[in-house]
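> Kindly generate the corresponding structure for this input.
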Amino acid sequence: MVKALEDIIAKSSSIVFFGGAGVSTESGIPDFRSVDGLYHQKYDYPPETILSHTFWEENPEEFYRFYRDKMIVKGAKPNAAHLRLAKLEQQGKLRAVVTQNIDGLHQAAGSKTVYELHGSTLRNYCTRCGKFYDVDFIANSTGVPRCTECGGIVKPDVVLYEEGLDEQVLSGAVDAIRHADTLIIGGTSLVVYPAAGLIRYFRGDNLVVINMQPTGADASADLCIAKPIGQVLSEDVSLD
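Below is the predicted model of the structure:
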């Protein structure tokens with residue numbers, strides 16, 4: 001199976017990788033939808049409710065308590081999949097990474113062209129004056145984090161439920177997928193929309209799915225691999 005993937009990679013010159021939570025779980029970041037993930041733990045409200053724009057507005061204290069506790073992951077390091085993708089970009093084979101993850105691990109591995117569909121926990125901004133804050137500002141704050149300049153609420157640059165995706169990020173991702181010769185979908189069950197709908201723009205030669213569970217793209221894929229993504233992509237991960 002993996003040999004088949006390496007053959008596809010070898011003959012491709014414009015690969016796009018479209019990834020989800022399964023890419024991050026191997027770095028120790030919990031998956032919302034896994035059996036022991038956040039969706040199966042007990043909170044006063046379900047995570048989908050807490051991570052919504054309405055809840056952020058109406059219950060900011062509870063939002064930030066959950067956010068600090070569950071969304072900010074300290075000490076996570078890129079895994080073999082992140083490193084391999086960064087290397088493929090260095091080699092001129094990978095055109096872009098399109099990710100649903102918000103942990104910044106693709107950039108930490110060295111990837112340069114990364115479209116973060118759902119934003120990043122590493123970026124935060126004052127909703128009043130726009131001042132930028134890093135992840136530690138939120139992590140080390142208590143209650144509702146306030147701007148040191150103007151006192152406005154500091155909000156994570158993460159796309160919450162009920163919020164639209166960033167238009168620039170979206171158009172960049174669509175353009176990359178549309179011009180790819182190979183699309184590798186990894187670590188995502190393709191259930192979160194509108195992100196999952198982006199794969200319909202793919203017009204290239206090879207569609208590859210690497211995911212432990214079946215996905216909606218399996219039927220049209222040229223290759224499906226049901227193994228951990230780090231294991232599948234781990235060949236030759238040493239960076240030059």
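> The strand of greatest length in the chain: what's the following helix or strand?
Longest strand in the chain by number of residues (criterion: DSSP state E): strand 119-126. Going down the chain from strand 119-126, the next helix or strand is strand 132-133, by DSSP states H and E.
> That next one: how far from the chain's middle?
Computed by Cα atoms, centre = their mean, to the nearest Å, the separation of strand 132-133 from the middle of its chain amounts to 21 Å.
> what does that strand contact?
Arg123, Asn124, Tyr125, Cys126, Pro145, Cys147, Val154 (Cβ atoms under 8 Å, 6 or more residues apart in numbering). C-beta here means a position set from N, CA and C on the backbone, and glycine is covered the same way.
> out of the residues you listed, who's nearest Ala219?
Arg123 (36.9 Å; Cβ to Cβ).
> Quickly note the distance from the closest residue to the closest one other than its chain neighbours to Ile138.
Computed as Cβ to Cβ, 6 or more residues apart in numbering, the closest residue to Arg123 that is not its neighbour in sequence is Asp157, at 3.8 Å. Computed as Cβ to Cβ, to the nearest Å, the Asp157 to Ile138 distance reads 11 Å.
> which ones are touching Ile102?
Here Ile102 is in contact with Met71, Glu116, His118, Gly119, Ser120, Thr121, Val158 (Cβ under 8 Å, 6+ apart).
> and if we set it to 10 Å?
Neighbour list for Ile102: 21, 24, 29, 71-73, 116-123, 156-159 [criterion: Cβ atoms under 10 Å, 6 or more residues apart in numbering].
> swap in Gly152?
By Cβ under 10 Å, 6+ apart, the contact list for Gly152 reads Tyr125, Cys126, Thr127, Arg128, Cys129, Gly130, Lys131, Pro145, Arg146.
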